[in-house]
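Visitor: return atomic coordinates for the entry below.
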Amino acid sequence: MLSMNDFNLIAILTNAEYSALLVKGITLTLIVAICSWMLAMSLALVLLTFRLTPMRWAQRLVAGYVAYHRNIPTLVQLMLWYFGIFSLLPDALQVWLSSHNAEAIFSIIALGLCQAAYFSEDLRSGLRAIPSGQSEAARALGHSYLGSMRHVIMPQAMRNAMPALINHSVSLFKNSSLAMAIGVAELTHAVKEIESQSFRAFESYFIATILYLALSLIIMAAGAWLTKRLSIKGAR
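Guide: Residues are numbered from 1 along each chain as shown. The predicted structure is shown next:
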């Protein structure tokens with residue numbers, strides 16, 4: 001039975017092979033999280049644009065997209081992309097993807113598409129909180145529709161949606177650990193490898209806990225700083 005006398009983080013951290021695995025895992029985790037975030041935010045803006053159009057079919061299409069991704073577990077979506085859609089691609093493309101870390105590519109796609117549904121709803125909520133008179137005032141000042149959205153409406157929407165966007169960004173970062181299920185050598189995968197080689201489960205997962213906590217707090221701190229920068233001085 002493990003006792004506190006057996007607890008030895010130094011045995012993990014001073015081992016060159018284990019340290020290399022941790023660095024590689026953290027690096028790939030950040031790559032997956034950042035690329036997924038960029039894909040999600042880009043697609044969320046597209047979804048929001050379609051949601052705001054007067055075309056009923058576009059609104060229903062986006063609503064269906066959001067409902068699908070919010071009600072299907074992220075892990076299932078990862079499995080679907082890697083084990084399902086990947087197998088439907090042409091053989092030449094499968095070979096190319098396999099030689100370029102297909103696991104990471106499909107995890108980015110799956111996580112990005114899933115998170116886009118949440119981001120688009122966050123932005124839509126931010127827009128709905130803006131009084132309709134803001135848009136009318138912007139048009140009265142000579143702004144076009146696109147100009148008013150870019151310079152007046154969207155900055156306010158982003159400000160309103162910032163708390164929800166930060167929370168979902170942290171969730172996206174944490175969900176990157178699910179990529180381990182399809183073979184992505186991210187942080188959780190690296191820790192599992194260290195645990196299987198060192199037989200030090202407590203130390204291995206303790207390190208993972210600290211790293212995930214530290215990185216999540218950094219994301220939250222960056223979000224708080226950005227929220228403060230975007231806030232209007234004197235506003236309550």
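Visitor: what about the spatially most central residue of the chain, which helix or strand?
Guide: Taking C-alpha atoms, centre = their mean, the centroid of the chain lies closest to Leu172, which sits 3.1 Å from it. Following DSSP states H and E, one finds Leu172 within helix 154-175.
Visitor: longest helix in this protein, by residue count?
Guide: The residue-count maximum for a helix in the chain (DSSP state H) belongs to helix 16-52.
Visitor: who touches the very next helix or strand once past it?
Guide: For helix 16-52, the following helix or strand on the C-terminal side (DSSP H and E) is helix 56-71. Here helix 56-71 makes contact (C-beta atoms under 8 Å, 6 or more residues apart in numbering) with Leu47, Phe50, Arg51, Thr53, Gln77, Leu113, Cys114, Ala116, Ala117, Tyr118, Ser120, Glu121. In this view, the C-beta of every residue, glycine as well, is placed from N, C-alpha and C.
Visitor: make a ChimeraX selection of whichever of those residues turn out to be buried.
Guide: Selection of buried members from the contacts of helix 56-71 for ChimeraX, criterion 16 or more other C-beta atoms under 10 Å:
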select :47,50,51,77,113,114,116,117,118,120,121
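Visitor: just flag the most distant two among the contacts of helix 56-71.
Guide: Distance extremes for the contacts of helix 56-71: the farthest pair is Thr53 and Gln77 at 26.3 Å, using C-beta to C-beta.
Visitor: mean confidence (pLDDT) on the longest helix of the chain, please.
Guide: Mean pLDDT, helix 16-52: 93.
Visitor: check stretch 105-118 too.
Guide: Averaging pLDDT along stretch 105-118 yields 96.
Visitor: report how many residues lie close to the closest residue to His189 other than its chain neighbours.
Guide: Excluding its sequence neighbours, the residue lying closest to His189 (C-beta to C-beta, 6 or more residues apart in numbering) is Met180, at 4.3 Å. Met180 has 21 neighbouring residues, counting by other C-beta atoms under 10 Å.
Visitor: just His100 next, same as before
Guide: 9.
Visitor: same question, Ile26
Guide: Number of residues near Ile26 (other C-beta under 10 Å) recorded here: 16.
Visitor: list the buried ones in stretch 67-85?
Guide: By neighbour count, with 16+ other C-beta under 10 Å as the criterion, the buried positions of stretch 67-85 are His69, Thr74, Gln77, Leu78, Met79, Trp81, Tyr82.
Visitor: ok, stretch 52-67 next?
Guide: Val62, Tyr65, Val66.
Visitor: same check on stretch 94-110?
Guide: Applying 16+ other C-beta under 10 Å to stretch 94-110 flags Asn101, Ala102, Glu103, Ala104, Ile105, Phe106, Ser107, Ile108, Ile109, Ala110 as buried.
Visitor: show the pLDDT at the second one.
Guide: pLDDT recorded at Ala102 is 92.
Visitor: correct me, but it touches Phe86?
Guide: Yes - using C-beta atoms under 8 Å, Ala102 is in contact with Phe86, at 6.6 Å.
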